[in-house]
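Q: generate coordinates for the sequence data below:
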Amino acid sequence: MAKTTKGPQSNSVTFQRRLFVFLLAFVIIMTLSSVTILLVFKIPLIDDKKEIKVSVERELSIFSRDFEARIGDTSVQLVRLSESLSKSIETSLNEENININSLKNHSEVLGKLIEDEFDRLIIAMDRAKSSGVFLVLDATNSPGHPGADNYRAGVCFRISEPDLTRPEMPKRFLRGAPTPDFPDDFMLLSDWEMEFDVKDRSYYHLPLENGRSYWGFESIISQDSTILCSAPIVGTNGTAFGVCGFEISNNFYATHYLPEITGYKQSFCLFTAIGGNGLDIKEGAVLNTYIQPNGKKFQGQHKNIILFNNPASVSPQYVMAILIPKEEIDSHNLLIRGRLVLIIAAILGFGIFVSLLISKKYLHPVLREIDQLYEQIQEKWDSALPGEINELFTPEEIEVVLMLIEGKMRSEISRSLHLSAEETDRRIESIRSKVDSKGDSSPLVSTVTMEFKLTQREKDIFRCLLKNMSNNSISEELFISEGTVKIHVRNVLKKLKLENRRSIMAWSESFISQKGIS
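A: Residues are numbered from 1 along each chain as shown. Have a look, this model is predicted:
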């Protein structure tokens with residue numbers, strides 16, 4: 001064999017190319033798998049705030065247009081009710097020869113005046129699709145009574161359980177003096193009172209003082225604020241002698257405005273004032289943060305709402321907002337990240353499995369063969385004189401050596417050389433034994449092998465035992481099964497008359513001392 005043969009020198013390039021192809025294929029598979037999974041399941045990489053914003057803005061656009069249209073209709077109905085009540089009440093007072101300006105001095109007619117407007121008020125409430133209606137006159141049933149200045153006569157009806165989709169709903173009689181002709185379908189409950197407490201009530205004082213309509217968040221009978229609109233009742237002489245209006249309860253939203261934000265069951269629509277007792281707004285890059293007076297936080301978007309087209313209106317600025325509890329968004333994003341981590345872990349696990357499979361099937365056997373044979377053969381190849389390689393190996397073995405150096409598998413060697421699997425294994429074992437015997441420079445191993453007549457395989461096992469290698473490591477080192485390793489270990493221990501492998505090192509030190517091995 002000529003020394004100029006280039007088999008060993010081509011091995012590095014061969015393995016680099018093979019490894020590059022494997023890694024390239026692996027990266028492509030991993031990338032395609034990741035992209036496919038993320039696209040199929042539509043999983044955002046960090047959070048879905050942008051998707052939320054798109055959905056919220058779409059819903060807001062629809063809701064706000066509808067709401068402003070409803071508010072416009074309510075404003076129209078409010079003006080009509082105010083005008084109708086003004087004419088009706090003034091006519092009734094004229095029939096009694098009572099001047100509007102002296103209404104406060106005629107408490108005896110207040111009950112009859114109010115009762116005559118029951119049907120008008122109920123019809124107006126139904127037309128406005130509101131949850132309540134009220135009429136408050138600028139007079140009291142108890143003039144001269146202590147605190148009477150804070151109370152006014154009137155009537156208020158409210159739907160018991162507002163459901164604006166139902167044509168007929170029971171109504172609660174909340175304010176006013178019942179008369180003998182009081183309708184049977186009105187419920188007189190525990191929160192009923194004779195008159196209105198109008199102290200510090202904007203819905204009453206502002207229309208009377210300014211002669212304009214009022215819109216705001218206030219309640220007629222409790223501290224729970226609702227959307228309230230009121231307008232002054234004005235006589236022909238320009239004197240305002242009362243107010244009337246509508247109430248729109250929070251259930252109005254539950255019935256009509258139910259946002260559908262995918263993945264968020266607690267999303268809701270809210271109509272509120274900015275600041276004060278309303279929401280504090282902190283602008284965000286994607287979603288805004290909204291804080292209630294009680295400190296609870298929400299995220300979403302809002303749209304300014306103009307309640308009616310009156311530039312002189314005393315109304316504050318209001319917004320319609322679609323909100324989601326912040327804790328629900330945080331929980332949802334945490335779930336998204338957890339799901340993404342699991343998917344990445346699954347992909348990574350699959351990649352590791354594939355790489356191990358490829359390594360076991362293609363690279364690992366080759367690398368193990370090369371680790372044991374290549375360095376020893378390379379050294380001999382580089383330093384050998386012409387003819388020495390031929391003296392060490394037979395021509396048949398040289399063919400196998402060159403193919404091993406090129407990274408060929410045992411099956412590839414068998415096919416290329418037309419050998420059976422047994423013949424290929426026999427040649428490889430012969431090559432290994434020659435390389436091992438020529439390359440073994442341990443006097444201890446050589447002496448023990450000769451004195452105790454160890455076979456070549458037992459010699460290999462003894463050398464591994466001196467390195468304190470496990471059966472599994474020996475199996476990988478020598479390319480034999482663990483069962484075969486155990487058999488050879490027993491044979492070695494039997495020949496050396498040792499009980500177990502743990503005594504090998506002590507026995508070796510004693511043997512070296514006895515034989516004077518250096």
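Q: in stretch 128-147, which residues are buried?
A: 128-141 (16 or more other C-beta atoms under 10 Å). (Glycine included, C-beta is placed from N, CA and C.)
Q: closest to residue 476 out of the residues you listed?
A: Residue 476 lies nearest to residue 131 out of the buried residues of stretch 128-147, by C-beta to C-beta, at 81.6 Å.
Q: which residues in the stretch 251-400 of the chain form helices?
A: Taking DSSP state H, counting those that start in this stretch as the test, the helices found in the stretch 251-400 of the chain are 251-256, 326-358, 364-383, 388-392, 395-405.
Q: tell me if residue 57 really is in a helix.
A: Yes. Counting by DSSP: H, G, I helix; E, B strand; the rest coil, residue 57 falls inside a helix.
Q: and it, how many neighbours?
A: 14 (other C-beta atoms under 10 Å).
Q: so residue 268 bridges to which residues?
A: Note on residue 268: beta-bridge partners residue 323, judged by DSSP bridges.
Q: contacting residues for it?
A: 253, 258-259, 322-323 (C-beta atoms under 8 Å, 6 or more residues apart in numbering).
Q: ok, it to residue 296 distance?
A: 13 Å (C-beta to C-beta, to the nearest Å).
Q: what helix or strand is residue 453 on?
A: Per DSSP states H and E: residue 453 is located in neither a helix nor a strand.
Q: ok, it - contacts?
A: So residue 453 contacts residue 495 (C-beta under 8 Å, 6+ apart).
Q: picking up where we left off before, flag whichever of the helices of the stretch 251-400 of the chain has the least confidence on average.
A: Here the helices of the stretch 251-400 of the chain differ in mean pLDDT, and the lowest is helix 364-383 at a mean of 53.
Q: quick one: secondary structure of residue 227?
A: Here residue 227 is strand, with the state taken from three-state DSSP.
Q: burial of the closest residue in space to it that isn't next to it in sequence, as a residue count?
A: Using C-beta to C-beta, 6 or more residues apart in numbering and skipping residues adjacent in sequence, the residue nearest residue 227 is residue 248, 4.1 Å away. By other C-beta under 10 Å, 22 other residues sit near residue 248.
Q: next one: phi and psi at residue 248?
A: Here is the backbone geometry of residue 248 (degrees, to the nearest 10): phi -120, psi 110.
Q: so it sits right up against residue 133, yeah?
A: No. Counting by C-beta atoms under 8 Å, residue 248 stays clear of residue 133, with 10.8 Å between them.
Q: state the distance from the residue nearest to residue 249 when sequence neighbours are not counted to residue 207.
A: Nearest residue to residue 249, sequence neighbours excluded (C-beta to C-beta, 6+ apart): residue 131, at 3.9 Å. Look at residue 131 and residue 207: by C-beta to C-beta, they are 20 Å apart.
Q: do residue 444 as well
A: Taken as C-beta to C-beta, the span from residue 444 to residue 207 is 113 Å.
Q: same question for residue 193.
A: Note on residue 193: its distance to residue 207, by C-beta to C-beta, is 21 Å.
Q: so between the two, which is more surrounded?
A: Between residue 193 and residue 207, residue 207 has the larger neighbour count (other C-beta under 10 Å), namely 26 against 12.
Q: dump the helix or strand harbouring that one to PDB, keeping only the CA atoms.
A: Residue 207 is part of helix 202-210 when elements are defined by DSSP H and E. The C-alpha trace of helix 202-210 is given here as PDB (Å, rounded to 0.1, in the frame of the first residue of the first chain):
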ATOM      1  CA  SER A 202     -78.900  68.400  39.400                       C
ATOM      2  CA  TYR A 203     -81.600  66.700  37.300                       C
ATOM      3  CA  TYR A 204     -84.100  69.000  39.000                       C
ATOM      4  CA  HIS A 205     -82.300  72.300  39.700                       C
ATOM      5  CA  LEU A 206     -80.300  72.700  36.500                       C
ATOM      6  CA  PRO A 207     -83.200  72.500  34.000                       C
ATOM      7  CA  LEU A 208     -85.300  74.900  36.200                       C
ATOM      8  CA  GLU A 209     -82.400  77.400  36.500                       C
ATOM      9  CA  ASN A 210     -81.100  77.200  32.900                       C
END
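Q: show me the contact partners of it.
A: 136, 138, 152, 196, 198, 212-214, 216, 218, 220, 228-232, 240, 243, 245, 314.
Q: ok, the helix or strand following it: who's next to it in the sheet?
A: Proceeding N to C from helix 202-210, the next assigned helix or strand is strand 214-218, under DSSP H and E. Strand 214-218 sits in its sheet next to strand 226-234 (antiparallel), going by DSSP bridges.
Q: which parts of the strand it pairs with are buried?
A: Across strand 226-234, burial judged by 16+ other C-beta under 10 Å covers 226-234.
Q: ok, stretch 233-250 next?
A: 233-235, 240-249.
Q: could you list the low-pLDDT ranges of the stretch 351-500 of the chain?
A: The model of the stretch 351-500 of the chain has pLDDT under 70 over residues 351-352, 354-393, 405-407, 432-441.
Q: could you chop the protein up by domain?
A: Taking automatic domain parsing as the reference, the chain has its domains at 49-316, 442-518.
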